[in-house]
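In: Could you look at this predicted model? Sequence included:
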Amino acid sequence: MKILPFEIEQLDELMDFLDENLNENYQKNVFLNIRKRWPEGFLIVIDNDRIIGACCGAILPNEKLRVLILVLKEDYQKQGIGKELMSRMIESSKIFGVKKVTLEVRKDSGAIQFYRKLGLSSVDLLPCYYQDGCDGIVMEKHL
């Protein structure tokens, strides 16, 4: 298993992976723009030549890192991979003076416990935030 920077040539495979592992639908150009703005903040996890995980973030004003996506195939969860992805993204954001990490998560997601273990706290509720009408929770952590 390897954690590598996302390359444009992997876009179709990434889109298939996200379709299989997330409830949201995204356009390809979204990921091209994310990578263009901060390539170091866009990582994928490869096992047996297949994408099994991905994470990406954006550097925002006010010294914030916004985690846009963090997803692993279910078979690879609870093995420390997600923690490693977050750690690498946070570490590479420090060059920008980031002092806070923020993200949105589905209210019905088991990932909330994972983020709490990483020190993030719930700070806001976003009614009907997701495409299917599920509420979102804003979580953040001061570095």
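Out: Sure thing, it's come through.
In: What does the residue nearest to Pro127 when sequence neighbours are not counted show for phi and psi?
Out: Leaving out its chain neighbours, the residue that sits closest to Pro127 by CB to CB, 6 or more residues apart in numbering is Asp135, at 5.5 Å. Any C-beta I mention is one placed from the backbone N, CA and C, and that applies to glycine too. When read as degrees, to the nearest 10, the backbone of Asp135 gives phi -70, psi 150.
In: close enough to count as contact, Asp135 and Ser109?
Out: No - contact criterion CB atoms under 8 Å: Asp135 and Ser109 do not qualify, at 10.6 Å.
In: continuing past the helix of greatest length in the chain, what's the next helix or strand?
Out: The longest helix of the chain (DSSP state H) is helix 81-93. Using DSSP states H and E, the helix or strand that follows helix 81-93 in sequence is strand 100-106.
In: pLDDT averaged over that following strand - what is it?
Out: For strand 100-106, mean pLDDT is 97.
In: Could you name the helices and strands sitting against that strand?
Out: Applying 3 or more CB pairs under 8 Å, 6 or more residues apart in numbering; DSSP states H and E, one finds that strand 100-106 contacts strand 64-72, helix 81-93, helix 111-117, strand 136-142.
In: buried ones in it?
Out: Residues of strand 100-106 classed as buried under the neighbour-count rule (16 or more other CB atoms under 10 Å) are 101-103, 105-106.
In: Same list (those residues) but as JSON lines, adding distance to Asp19.
Out: Listed next are the buried residues of strand 100-106 as JSON lines, based on distance: CB to CB, whole Å:
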{"residue": "Val101", "distance to Asp19": "26"}
{"residue": "Thr102", "distance to Asp19": "25"}
{"residue": "Leu103", "distance to Asp19": "21"}
{"residue": "Val105", "distance to Asp19": "19"}
{"residue": "Arg106", "distance to Asp19": "17"}
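In: returning to what we had before: quick one: residues contacting the residue nearest to Pro127.
Out: Contacts here follow CB atoms under 8 Å, 6 or more residues apart in numbering; on that basis Asp135 touches 106-107, 125-129.
In: Could you export these to CSV, including columns for distance to Ile90 and secondary structure?
Out: Converted to CSV, the contacts of Asp135 look like this (distance: CB to CB, whole Å; DSSP: H, G, I helix; E, B strand; the rest coil):
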residue, distance to Ile90, secondary structure
Arg106, 22, strand
Lys107, 24, coil
Leu125, 24, strand
Leu126, 23, strand
Pro127, 29, coil
Cys128, 29, coil
Tyr129, 23, coil
